[in-house]
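# Show me how the following folds:
(chains A and B)
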Amino acid sequence: MSSISEFRVQHSNWSSRIGTTIVVLAFVALAAAPWWAERADLRLLAEIYAYVALASLWNLLAGYAGLVSVGQQAFVGLGAYLLFGLAMLGEVHPLAAIPLAGIAAAIIAIPVAALIFRLRGHYFAIGTWVIAEIFRLLAAQTTALDGGSGTSLPAAVIISIAESRQMREFVIYWIALAQVAVILFGIVWLLRSRYGLALTAIRDNELGARSNGVDVARIKYCVYVAVAFGTAMVGALIFLQKIRISPDTAFSVNDWTAFVIFITVIGGIGRIEGPIIGTVIFFLLRQTLADLGAIYLLILGVVAIAVMLWAPKGLWGLLADRFGWQVFPLQRRLIRKR
Amino acid sequence: MDWVNVILQGVLLGGLYAMFAAGLSLIFGVMRLVNIAHGDLIVLAAYIALVTTQMLGINPLLSLVIVVPAMALIGYVLQRGLLNRTLGDDLLPPLLVTFGLSVIIQNGLLEIFTADSVKLNAGPVEIESLAVGGGLAVGVLPLIQFGLAVVVIAALQWLFYRTALGRAFRATSDDQPVAQLMGLNNAHVFGLAMALSLAIVAIAGVLLAVRSNFDPAIGPARLIFGFEAVIIGGLGSMWGTLAGGIILGVAQAIGAQLDPGWNLLAGHIAFLVVLALRPQGLFPKVQG
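Below is the predicted model of the structure:
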């Protein structure tokens, strides 16, 4: 019999070493984008980062913790409104307001989760949508931020980010990049920890996870609150860049949930690489089909249903199963120590 | 007297919400499927009624003769062709497929009918009212709507507990493999359940279209009203669903009376209060 001390867990393999290297190089190149990209490209890149971040967070929620929410626009909008409230009414510096909005949203998510976790499975999904509707209606009642018609950030707040317009664009771009980097590597770190093992177990078989001593309810609760924290910060930055906010845009189910779900499903749900691949495909499709208007969303819906039925693990799932690829060092293989 | 009137109107509105809820509750009961596209199917039925009345020049209430079978057929085909493939232990496929369906229906309708809001005109019956004493009057149309809701729910109750089809529904609901062993074709039973659900959706859609303006984007809110009525009433109870719809309708009417902006919020708050204090609903029958 060999004792447990003779083994160690190996996370990386040849593909994750290549993958991680590419990801790190890509981040370095993207961090330098203000020196090589046009202003319009920077805005597009920042939008892509926001979608990678939102889809990765939704993937953690639905793909790993099994909490299928169709109401994450609740936290995008909440974060955005908290930022506007803090910056315009509380006179907080807009950049400092981003993490504060995240923290406040997480605190609000605690009682919200306690309520909607009473709904089982499918009904939980619609419950999350009700919460988003309630937040939207409350935002429309907030007369201090011009209620239903929405409001814009005053010039003084915008200038406080940076003096020149160009520098403002750069600062917001870098924050968007930093945000997606922190969220992605935060998720990698989480999945490599013992909580990640529990989450992966819940993803694969919830009953099995529970019978092996995983406190499923507590982990789900923590994931929900943590995802609310991240989603709200992403939302806050999106609307800091847009400068203008209204209840219908901030709590839009199409923009912040339908797109995010389609991205994750097409890319590969339950895998960290899925949302990244999905976002790339989503933006490629958008650049070519955007003129079609409503038809574009219709096509996305059809593609997502087709993927769900015939390739439920998404595009990355197909590749990963076929070739054993992983971009991030997440696998667990027991190696006997020499 | 104002308040009595408000509550009365809320009760009548509740009948419509109960009808939104009945189809949702039915398919959840039979196959544990929550159809996120439910609200958009209600709107689809309203548009089919619009096209029918325009083409044939008939009264919207008469168009039910065409809309109900059409929606039932759509339901059966949808279930056999698409939704049956998603059923199983995994929650994700049915949720995501019906969510995709919701987006497809919404944007398809938007493409064909534009975002302009429309309404069906049911003729003079729309403005007729009955005096019920004490200076109160109720519209004939809301009364018809409420009456139809009660009839639909009574018919569902009868169908579930008094007919062979109802027995098949209950059997597959209780234990799918055993139902199959007893000679039921589950795929067919599920198809019939969805057909029945969308037949109710058709009635709800026509009533909605006669009652108020509609456009392709209003589906999700109808789903939410139906869902709230189901949860308030308690899972699996048909009469509970009617009670849930009425509570929701009354809450909205009271909210609107206090402040027009609080119309929908008051309904949502009633839902949250029930969820906090009595998560199994007021009249539960099955465990979700």
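# in a strand, that's where residue B:7 is, yeah?
No - membership of residue B:7 in a strand is not supported by DSSP: H, G, I helix; E, B strand; the rest coil, which gives helix.
# Look up the closest residue to it, ignoring the ones flanking it.
In space, and not counting its chain neighbours, residue B:7 is closest to residue B:250: 5.5 Å by Cβ to Cβ, 6 or more residues apart in numbering or on different chains. (Each C-beta comes from the backbone N, C-alpha and C, glycine too.)
# quick one, what contacts the one you found?
Residue B:250 is in contact with B:7, B:10, B:11, B:14, counting by Cβ atoms under 8 Å, 6 or more residues apart in numbering or on different chains.
# Report pLDDT for the residue in chain A that chain B sits nearest to.
Going by Cβ to the nearest Cβ, chain B is nearest to residue A:122 of chain A, at 3.4 Å. Per-residue pLDDT puts residue A:122 at 78.
# Tell me the residues of the stretch 1-150 of chain A that contact chain B?
Residues of the stretch 1-150 of chain A lying close to chain B (Cβ under 8 Å from any Cβ of the partner chain) are A:62, A:66, A:68, A:70, A:115-116, A:118-123, A:125-127, A:129-130, A:133-134, A:137-138, A:140-141.
# and if we set it to 7 Å?
Counting by Cβ under 7 Å from any Cβ of the partner chain, the stretch 1-150 of chain A comes close to chain B at A:66, A:68, A:70, A:115, A:118, A:120-123, A:125-126, A:129-130, A:133-134, A:137, A:141.
# quick one: which helix or strand includes the most centrally placed residue in chain A?
Geometric centre of chain A, nearest residue: residue A:54, 2.2 Å, by Cα atoms, centre = their mean. Secondary structure assignment for residue A:54, by DSSP states H and E: helix A:39-58.
# other SSEs contacting that helix?
The contact analysis (3 or more Cβ pairs under 7 Å, 6 or more residues apart in numbering or on different chains; DSSP states H and E) places helix A:39-58 against helix A:33-36, helix A:165-192, helix A:216-242, helix A:259-267, helix A:274-289.
# Let me know whether the last one sits next to chain B.
No - judged by Cβ under 7 Å from any Cβ, helix A:274-289 makes no contact with chain B; its nearest approach is 12.6 Å.
# helices or strands up against the helix or strand following that helix?
Next helix or strand after helix A:274-289 toward the C-terminus (DSSP H and E): helix A:294-310. Contact here means 3+ Cβ pairs under 7 Å, 6+ apart; on that basis helix A:294-310 packs against helix A:259-267, helix B:92-113.
# Could you tell me the angle between the shortest one and helix A:39-58?
With axes from the mean of the first three to the mean of the last three Cα atoms, to 10 degrees applied, the angle from helix A:259-267 to helix A:39-58 works out at 80 degrees.
# By mean pLDDT, point me to the weakest helix or strand of chain B.
Here the helix or strand of chain B ranked lowest by mean pLDDT, DSSP states H and E is strand B:129-133, holding a mean of 81.
# which other residues reach that one?
Strand B:129-133 is contacted from outside by B:137, B:138, B:139, B:140, B:143, using Cβ atoms under 7 Å, 6 or more residues apart in numbering or on different chains.
# Chain neighbours aside, what residue packs nearest to the first one?
The shortest distance from residue B:137 to any non-neighbouring residue, by Cβ to Cβ, 6+ apart, is to residue B:129 (4.3 Å).
# What separation do you get for the one you found and chain A?
In this view, residue B:129 and chain A are 31 Å apart by Cβ to the nearest Cβ, to the nearest Å.
# From residue A:175, how far off is that residue?
Using Cβ to Cβ, to the nearest Å, we find residue B:129 at a distance of 60 Å from residue A:175.
# follow-up on the earlier one: any idea which helix or strand carries the residue nearest to residue B:7?
Counting by DSSP H and E, the element that carries residue B:250 is helix B:238-258.
# Could you pull up phi and psi at residue A:8?
Backbone torsions of residue A:8, given as degrees, to the nearest 10, read phi -130, psi 160.
# partners of it in the sheet?
Counting by DSSP bridges, residue A:8 forms beta bridges with residue A:335.
# what sits up against stretch A:296-313?
So stretch A:296-313 is contacted by A:254, A:262, A:265-266, A:268, A:289-290, A:314, A:317-318, A:321, B:85, B:93, B:96-97, B:100, B:103-104, B:107-108 (Cβ under 7 Å, 6+ apart).
# Let me fix that, I meant to ask about stretch A:222-232.
A:54, A:57, A:60-61, A:65, A:67, A:72, A:75-76, A:78-79, A:82, A:101-102, A:105-106, A:109-110, A:113, A:183.
# which among the residues you listed end up buried?
Buried by 16 or more other Cβ atoms under 10 Å in any protein chain shown: A:54, A:57, A:60-61, A:65, A:67, A:72, A:75-76, A:78-79, A:82, A:101-102, A:105-106, A:109, A:113, A:183, out of those.
# So what does residue A:330 look like in phi/psi?
Note on residue A:330: its backbone torsions stand at phi -120, psi -20 [degrees, to the nearest 10].
# Identify the residues contacting the closest residue to it other than its chain neighbours.
With Cβ to Cβ, 6+ apart as the criterion, residue A:330 has its nearest non-adjacent residue at 5.5 Å, and that residue is residue A:191. Residues near residue A:191 by Cβ under 7 Å, 6+ apart: A:199, A:200, A:272, A:330.
# Tell me the buried residues in the helix or strand harbouring the first one?
Yep, that's residue A:199 we're talking about. According to DSSP H and E, residue A:199 maps onto helix A:194-204. By neighbour count on 16+ other Cβ under 10 Å, the buried set for helix A:194-204 is A:196, A:197, A:198, A:199, A:201, A:202, A:203.
# what stretches of the stretch 151-288 of chain B score poorly on pLDDT?
The model of the stretch 151-288 of chain B has pLDDT under 70 over residues B:286-288.
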